[in-house]
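Enquirer: sequence unavailable; structure follows:
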């Protein structure tokens, strides 16, 4: 009976450790996901793509766009400070963090024609196909 009880104890301890490990993994992924800005990708007219990246609380001057190899990377610094000074108390809340998102650029995207516009906490990126890769209509004679 002692062997059975010991085996059950070992199984219970292993299950507890697995559950705790899963909680740590879940919390870690939640933390990482909170620093990845949401993005939408849209295709227009076969030759243009738009990526919209949500960057609430970020200022235009705190955004960096970089194309390196086949990656377009958006990096932003979010700085927030809320300060309340009253006669009987002082409250200061601040948040600071770097957020980043990378997109793989297909070979048919013209890296020199990437355009960016920032408006109301949202970054709009416009990507065009290379001229040689654009859709062309062929007339029939």
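Expert: Perfect, I can see it now. Keep in mind that what you see is a predicted model, and the values were worked out from it rather than measured. Numbers count the residues shown, from 1 in each chain.
Enquirer: where does residue 6 sit: helix, strand or coil?
Expert: At residue 6 the chain is in helix, as set by DSSP: H, G, I helix; E, B strand; the rest coil.
Enquirer: and it, how many residues sit next to it?
Expert: 10 (other Cβ atoms under 10 Å). Using the backbone N, CA and C atoms, a C-beta is placed for each residue, glycine as well.
Enquirer: and it, how close does it get to residue 108?
Expert: As judged by Cβ to Cβ, to the nearest Å, residue 6 and residue 108 stand 63 Å apart.
Enquirer: point out where this structure drops to low pLDDT.
Expert: For the chain, applying pLDDT under 70 flags the ranges 1-5, 11, 21-22, 24-36.
Enquirer: which parts of it are strands?
Expert: Using DSSP state E, the strands of the chain run over 39-44, 48-54, 63-68, 71-85, 90-104, 115-119, 122-128.
Enquirer: got those strands as TSV, with mean neighbour count columns?
Expert: TSV is the format used below for the strands of the chain (neighbours: other Cβ atoms under 10 Å):
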stretch	mean neighbour count
strand 39-44	11
strand 48-54	17
strand 63-68	13
strand 71-85	14
strand 90-104	12
strand 115-119	12
strand 122-128	18
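Enquirer: I'd like these as TSV, with distance to residue 15 appended.
Expert: Output for those, formatted as TSV (distance: least, Cβ to Cβ, whole Å):
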stretch	distance to residue 15
strand 39-44	38
strand 48-54	39
strand 63-68	45
strand 71-85	39
strand 90-104	35
strand 115-119	49
strand 122-128	45
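Enquirer: what's the closest of the ones you listed to residue 134?
Expert: strand 122-128 (8.1 Å; Cβ to Cβ).
Enquirer: mind checking how far that closest one is from the chain centre?
Expert: 15 Å (Cα atoms, centre = their mean, to the nearest Å).
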